[in-house]
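Participant: this one's structure only:
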């Protein structure tokens, strides 16, 4: 039985994880739920899964949630970063699902690892910001990190049973998002509403924008670097609009092992929870006869500058990936709020990175320092861009 703390229970990954948990009550039990602002959904989750603890962002939401709970409910309501950390480190918990959005997931995820909990990781920003710290701590404490990203799940499946010294390179695939064939002029006119319409995946707002800018693929390369102990130069990124092959691994003898599956996040979530088992998921099988072709292409880094910036940050290392992530969060929010255009997201990130002097990431405090510096600098640059 895995006793689970679900960080990010009201988001896309969280709600799908609960479907998997509900279908396997003999394997998984919810001990704690970490929600966000959607307290109505969290309320329903509390009623169904009866966790010992539930967490929301702030005290006002906590009080509102408490007022909606019946007196017979035994769930204790916590709030804020302290609350998320508390449920991630509970003695009853042996696995944390890290599905919070952006840098907010850093401290709870890191705390779960340092408390000796296995982690099913959907929050890629945590590894982008603090990859060396998380991997070193997990190795020292014997903690397992199971990736939930479909690409990294595919890689993990493709390396099973193979000698790691035989690995030549990792091939990350991506659909290219909704604008893979757009010209630079067309990209300059993209609206938030258009960017939020991904052709293949249903995801949260930030990750959908990251997919459209291809920042998501660059962050996945940094994540793969840490998860699978490879260099950035050993990672190739290919566009694969059908989203059938979720990633591949090439070996020294030229063999390529690929993982194919329907585009549904319940598959990588289930594998992360049941590793190394492939348990039944209530989905139709992939019908190969219906697939007319599998095509591949190279991403255009001139049109999708975010990808190039992420790969550069991954090569530079130290504090630069955390700065990339912090600036990207400011840029994506500004775009969604209509303050800047689509092509101004990478401009904001690049200007922030140019002003940063890298430093070693040897503690979680240094990660936070880099993140806060990046967001502060990005906000200053943003104000100049919008004429404030």
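Facilitator: Noted; the coordinates are in hand. What you see is a predicted model, and the numbers here were worked out from it, not measured in a lab.
Participant: Using the three-state scheme, assign the nearest residue to residue 296 once chain neighbours are set aside.
Facilitator: Nearest residue to residue 296 in three dimensions, chain neighbours excluded: residue 238, at 4.7 Å (CB to CB, 6 or more residues apart in numbering). Yep, even glycine has a C-beta here, placed from its N, CA and C like the rest. State at residue 238, reduced to three classes by DSSP: H, G, I helix; E, B strand; the rest coil: strand.
Participant: who does residue 238 bridge with?
Facilitator: On the basis of DSSP bridges, residue 238 is bridged to residue 173.
Participant: same question, the one 10 residues further on
Facilitator: With DSSP bridges applied, the residues forming beta bridges to residue 248 are residue 171, residue 258.
Participant: Please enumerate the helices of the stretch 251-388 of the chain.
Facilitator: Remark: helices assigned in the stretch 251-388 of the chain by DSSP state H, counting those that start in this stretch are 266-274, 305-316, 320-336, 344-354, 364-385.
Participant: Pass me the low-pLDDT residue ranges in this protein, would you?
Facilitator: 201-202, 388 (pLDDT under 70).
Participant: re the thing from before, in terms of contact, does the residue nearest to residue 296 touch residue 172 like I think?
Facilitator: Yes. Proximity of residue 238 to residue 172 meets the contact threshold set by CB atoms under 8 Å, at 7.3 Å.
Participant: of these two, who's got more company?
Facilitator: residue 172 (24 against 18; other CB atoms under 10 Å).
Participant: ok, that one - contacts?
Facilitator: Residue 172 is in contact with 151, 155, 217, 220-221, 224, 235-238, 247, counting by CB atoms under 8 Å, 6 or more residues apart in numbering.
Participant: what ranges do the strands span in the stretch 1-150 of the chain?
Facilitator: Taking DSSP state E, counting those that start in this stretch, the strands of the stretch 1-150 of the chain run over residues 2-7, 28-34, 53-56, 76-79, 95-98, 118-121, 145-147.
Participant: Can you give me the buried ones in the last one?
Facilitator: If I follow you right, that is strand 145-147. Neighbour counts using 16 or more other CB atoms under 10 Å place 145-147 of strand 145-147 among the buried residues.
Participant: so what secondary structure elements neighbour the helix or strand just after it?
Facilitator: On the C-terminal side of strand 145-147, the closest following helix or strand by DSSP states H and E is helix 150-158. If contacts are counted by 3 or more CB pairs under 8 Å, 6 or more residues apart in numbering; DSSP states H and E, helix 150-158 sits against strand 145-147, strand 167-174, helix 215-227, strand 245-251, strand 256-260, helix 266-274.
Participant: Kindly recompute the last result at 7 Å.
Facilitator: strand 167-174, helix 215-227, strand 245-251, strand 256-260, helix 266-274 (3 or more CB pairs under 7 Å, 6 or more residues apart in numbering; DSSP states H and E).
Participant: burial of residue 346, as a residue count?
Facilitator: Neighbour count of residue 346, defined by other CB under 10 Å: 22.
Participant: is it true that it touches residue 308?
Facilitator: No. Assessed by CB atoms under 7 Å, residue 346 is found out of contact with residue 308, at 8.2 Å.
Participant: hmm, back to that, can you put the strands of the stretch 1-150 of the chain in JSON lines and add distance to residue 16?
Facilitator: Listed next are the strands of the stretch 1-150 of the chain as JSON lines, based on distance: least, CB to CB, whole Å:
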{"stretch": "strand 2-7", "distance to residue 16": "11"}
{"stretch": "strand 28-34", "distance to residue 16": "13"}
{"stretch": "strand 53-56", "distance to residue 16": "19"}
{"stretch": "strand 76-79", "distance to residue 16": "24"}
{"stretch": "strand 95-98", "distance to residue 16": "10"}
{"stretch": "strand 118-121", "distance to residue 16": "12"}
{"stretch": "strand 145-147", "distance to residue 16": "15"}
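Participant: ranking the ones you listed by burial, who's on top?
Facilitator: With neighbours taken as mean count of other CB atoms under 10 Å, those reach their highest mean count in strand 95-98, at a mean of 28.
Participant: partner strands of it, parallel or antiparallel?
Facilitator: Here strand 95-98 is paired, per DSSP bridges, with strand 2-7 (parallel), strand 118-121 (parallel).
Participant: contacting residues for the closest residue to residue 21 other than its chain neighbours?
Facilitator: Closest residue to residue 21 apart from its sequence neighbours, by CB to CB, 6+ apart: residue 28 at 4.3 Å. Going by CB atoms under 7 Å, 6 or more residues apart in numbering, residue 28 touches 2, 4, 21, 273.
Participant: if you set the cut-off to 10 Å instead, what comes out?
Facilitator: 1-4, 6, 17-18, 20-22, 95, 97, 273-274 (CB atoms under 10 Å, 6 or more residues apart in numbering).
Participant: ok, the residues you listed vs residue 283, which is closest?
Facilitator: Distance to residue 283, by CB to CB, is smallest for residue 20 among the contacts of residue 28, at 11.1 Å.
Participant: To what extent is the closest one buried, counted in neighbours?
Facilitator: Other residues near residue 20 come to 23 when the count uses other CB under 10 Å.
Participant: got the contact list for the closest residue to it other than its chain neighbours?
Facilitator: Closest residue in space to residue 20, ignoring its immediate chain neighbours: residue 270 at 5.1 Å, by CB to CB, 6+ apart. With contact taken as CB under 10 Å, 6+ apart, residue 270 is in contact with 16-17, 19-21, 23-24, 148, 153, 264, 277-281, 283.
Participant: and if we set it to 6 Å?
Facilitator: Taking CB atoms under 6 Å, 6 or more residues apart in numbering as the contact definition, residue 270 lies against 20, 279, 281.
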